[in-house]
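Visitor: Based on what follows, work out the 3D shape:
(4 chains)
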Protein chains: 2
Amino acid sequence: MSEGRPPVTAAPTLEDVARAAGVSRATVSRVINGIRNVDPAIQETVRRAIADTGYVPNRAARSLVTRRTGAIALVVSGAGEEDEANPFHSQVFADPFFGRVASGVVGFLRPRGIHPILMFAETDEARTQVISFLRQGYADGAVLVSTQSRDPLPRQLVEAALPSVLFARPGEAIPISYVDVAHRTGAKLAADHLVARGCRRVATIAGPLDVLAAQDRLAGFRDAMAAHGHPYIPCVEGQFTYASGETAMERLLSEQPGLDGVFVANDLMAQGALLVLRHHGRRVPEDVAVVGFDDSSAATASRPMLTTIRHPVEDMAAEMARLLLEHVDEPGKPMTSVIFEPSLVVRESA
Amino acid sequence: MSEGRPPVTAAPTLEDVARAAGVSRATVSRVINGIRNVDPAIQETVRRAIADTGYVPNRAARSLVTRRTGAIALVVSGAGEEDEANPFHSQVFADPFFGRVASGVVGFLRPRGIHPILMFAETDEARTQVISFLRQGYADGAVLVSTQSRDPLPRQLVEAALPSVLFARPGEAIPISYVDVAHRTGAKLAADHLVARGCRRVATIAGPLDVLAAQDRLAGFRDAMAAHGHPYIPCVEGQFTYASGETAMERLLSEQPGLDGVFVANDLMAQGALLVLRHHGRRVPEDVAVVGFDDSSAATASRPMLTTIRHPVEDMAAEMARLLLEHVDEPGKPMTSVIFEPSLVVRESA
DNA sequence: CTGAAAGCGCTAACAG
DNA sequence: CTGTTAGCGCTTTCAG
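Guide: Predicted structure coming up:
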């Protein structure tokens, strides 16, 4: 606008602002960082100078001295059947669960002006890259959602002393903070509901049993059913995917043709199961009652809509981010775990 | 292990490596950055020293001097019905289209050691934040997927001279690179198929008409049908969501009870439409043929499986990332557009 | 082919 | 309350 503005080529620096305001760099720095002890009048002058020059702080320079980047990584770790046409990250995005976690993290971080760096770590090489990436100072820490309990990344993060928080209890006992849901309580809710409905021949489709959550849901369900007088619950293992739900239901039906109730360890598999049930002419919930787990978008998208166990994934993810920020701000902070309680959502399928 | 390693507190710097290798910082810097003109023997010594000290370059220091961050932003811009329980980012993650874009971007970037920063820009405030964020040097540029044609962000990016590439042609004519698919060709493919099947009373469910892609699909479909001798094609506008597909189909059915074919502007809406059709006892494809668009996961998840128009979203996204990297490396590079050709995928619904 | 030296833009003591 | 002074760790001329 006026000729006072420097050519667009070089971005204005603190120095430029200081000169324009007739103060020192330090003073400008103080007002930018909201440190008090700056004369209100001068503050005003400085602010105007900032606006006039169009100054924007240089992040690299700042983090060089503060040793903080103000960024955090959202890493998804796991195994997944690697395959040219269907790489790991693509599988991850296809799972509504991941979307909810990401959404919760973003929802918490964004009002604080921070945006997550998205990383995937499905191979040893990728995991090494993640660690090295963080050590280079691309981010101050990581929130991690892992899809298998044998994942070595949590331990690697701890060993590298990188602030991090997990979604779900780690497979091995290591000093790291995490958030989780009371899977067994959720499974019990499902069992109680099925029994209350009058189901007598109940089976279950579990998740992949190398995932702790899947183990807990299965164990919790069996325990609760045992308490109701049902000592044996047939089980088929799935992979938490739609297709594996179909396959599992198919098998369950052939092995237990008389079943009248099934607890499925997640909604995606339950959706697949529903389809197979219909194919076989079983009415849901009249002939077979189905209870899912997660209350994901699949629960309301399927027909009949799923009765399921809801856990507050977004809230849990937000808490995970909150904990991470605490650990970043306060390196000595002791580890914590935050366990959320699930609840039963009754819809049409049971 | 040995007492030679410094206490874990301070990360080793170039200086440390140089000392360990008995050379200068400059030399170490050269071997790290793969600059030739370094004696092979010294190179070896330096490499060993790097390994011994566990040195990792400091990104902030590097980008302070290179003026490059080595990071790029993946920004999703748009409107979306903001609502406490269902914020924009959560809607985005629920759409399989976004997952495919993200997956394509990640697939391209990851082998190159770069990880995207995820940002959402659904309000003016958020958009300003995105610009300021980029100007601060959090990333070297942005790939942008926008959900509405009036989005001001593309222009803002151009004005701020920030390297960026769009997914889809911008709503206004501005000098910016983008990738897109030939929507009209895709719509024509659908029309041809429906006509070839013998459909005579055809209607369409369009996407939100403030989205260019939706406009093009509708116009392309109508043009092609006109060429086949069908001058008038009833249309109901949807929002590219599952629920809006249901609503739209419901309306179409009441207004055009005799229809025997429908082109739905994306798979998610088509999935909703399928459900309504079944509800009303119409067999698909026998009574009503349905063609979707996208070939997203919804296409194979719905029953019957969708006949749809496939476009290579992942490839397009990868190309978008590739273009961005080019623009970052070569600031003067002229703008380009890359248009991909769609194809018809015949499954069960038509 | 290698080293010395000059910053990149910012914050954080430390004086005043 | 404000200015001066050191660097943060790295790349990059410029000499040698």
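Visitor: pretty sure A:D140 is touching A:S63, no?
Guide: No. Assessed by C-beta atoms under 8 Å, A:D140 is found out of contact with A:S63, at 9.2 Å. For the C-beta atoms, the positions are set from N, CA and C on the backbone; glycine is no exception.
Visitor: intersection of neighbour lists for these two?
Guide: Residues touching both A:D140 and A:S63 (C-beta atoms under 8 Å, 6 or more residues apart in numbering or on different chains): A:69-70.
Visitor: got the contact list for the helix or strand of chain A with the lowest mean pLDDT?
Guide: Within chain A, no helix or strand scores below helix A:88-94, which has a mean of 82 by mean pLDDT, DSSP states H and E. With C-beta under 8 Å, 6+ apart as the test, helix A:88-94 has contacts from A:76, A:78, A:80, A:82, A:98-99, A:120, A:122, B:96, B:98-100, B:102-103, B:106-107, B:110, B:297, B:314.
Visitor: One more: stretch A:294-303?
Guide: A:96-97, A:100, A:242, A:266-268, A:270-271, A:274, A:292, A:305-306, A:308-311, A:313, A:345, A:347, A:349, B:94, B:242, B:275.
Visitor: Mind checking which of the residues you listed land in helices?
Guide: Among the contacts of stretch A:294-303, the members found in helices (DSSP state H) are A:96-97, A:100, A:242, A:267-268, A:270-271, A:274, A:313, B:94, B:242, B:275.
Visitor: What about A:R197, how many residues nearby?
Guide: Neighbour count of A:R197, defined by other C-beta atoms under 10 Å in any protein chain shown: 15.
Visitor: Okay, helices next: where are they in the stretch 101-250 of chain A?
Guide: For the stretch 101-250 of chain A, helices defined by DSSP state H, counting those that start in this stretch occupy the ranges A:124-135, A:153-159, A:183-196, A:212-227, A:242-255.
Visitor: how far out from the middle of the chain is whichever helix or strand comes after the last one?
Guide: When you say that, I think you mean helix A:242-255. On the C-terminal side of helix A:242-255, the nearest following helix or strand under DSSP states H and E is strand A:261-264. Strand A:261-264 has its C-alpha centroid displaced from the chain centroid by 25 Å (C-alpha atoms, centre = their mean, to the nearest Å).
Visitor: hmm, back to that, CSV please, covering the helices of the stretch 101-250 of chain A and showing mean pLDDT.
Guide: Shown next, in CSV, are the helices of the stretch 101-250 of chain A (pLDDT from 0 to 100):
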stretch, mean pLDDT
helix A:124-135, 92
helix A:153-159, 94
helix A:183-196, 97
helix A:212-227, 96
helix A:242-255, 95
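Visitor: between these, which one is nearest to DNA strand C?
Guide: Set against DNA strand C and scored by C-beta to the nearest atom of the strand, these come closest in helix A:124-135, at 19.7 Å.
Visitor: neighbours around whichever residue of the stretch 1-150 of chain A sits closest to DNA strand D, how many?
Guide: Closest residue of the stretch 1-150 of chain A to DNA strand D, C-beta to the nearest atom of the strand: A:D39 (2.9 Å). A:D39: 12 surrounding residues under other C-beta under 10 Å.
Visitor: any weak-confidence spans in chain A?
Guide: A:1-9, A:80-82 (pLDDT under 70).
Visitor: what does it put close to DNA strand C?
Guide: Applying C-beta under 7 Å from any atom of the strand, we find that chain A lies next to DNA strand C at A:10-11, A:13-15, A:25-26, A:29, A:32-33, A:55, A:57-58, A:61-62, A:64-66.
Visitor: Could you see whether chain B lies near the helix or strand where A:D52 lies?
Guide: In this structure, A:D52 sits in helix A:40-53 according to DSSP H and E. No. For helix A:40-53 and chain B, the contact criterion (C-beta under 8 Å from any C-beta of the partner chain) is not met; the two come no nearer than 12.2 Å.
Visitor: give the contact list for the most centrally placed residue in chain A.
Guide: Residue closest to the average C-alpha location in chain A (C-alpha atoms, centre = their mean): A:V101, at 3.2 Å. Counting by C-beta under 8 Å, 6+ apart, A:V101 touches A:145, A:167, A:313-314, A:316-317.
Visitor: Spell out which two among these are the most distant pair, please.
Guide: Within the contacts of A:V101, A:V145 and A:E314 form the most distant pair, 12.8 Å apart (C-beta to C-beta).
Visitor: Now intersect the residues of chain A next to DNA strand C with the helices, please.
Guide: Short answer: the residues of chain A next to DNA strand C in helices (DSSP H) are A:14-15, A:25-26, A:29, A:32, A:61-62, A:64-66.
Visitor: Among those residues, which pair sits farthest apart?
Guide: That would be A:E15 and A:T66, which, of those, are the farthest apart (C-beta to C-beta) at 18.6 Å.
Visitor: Which segments of chain A make up each domain?
Guide: As recorded under automatic domain parsing, the domains making up chain A are A:1-47, A:71-180+A:314-340, A:183-310.
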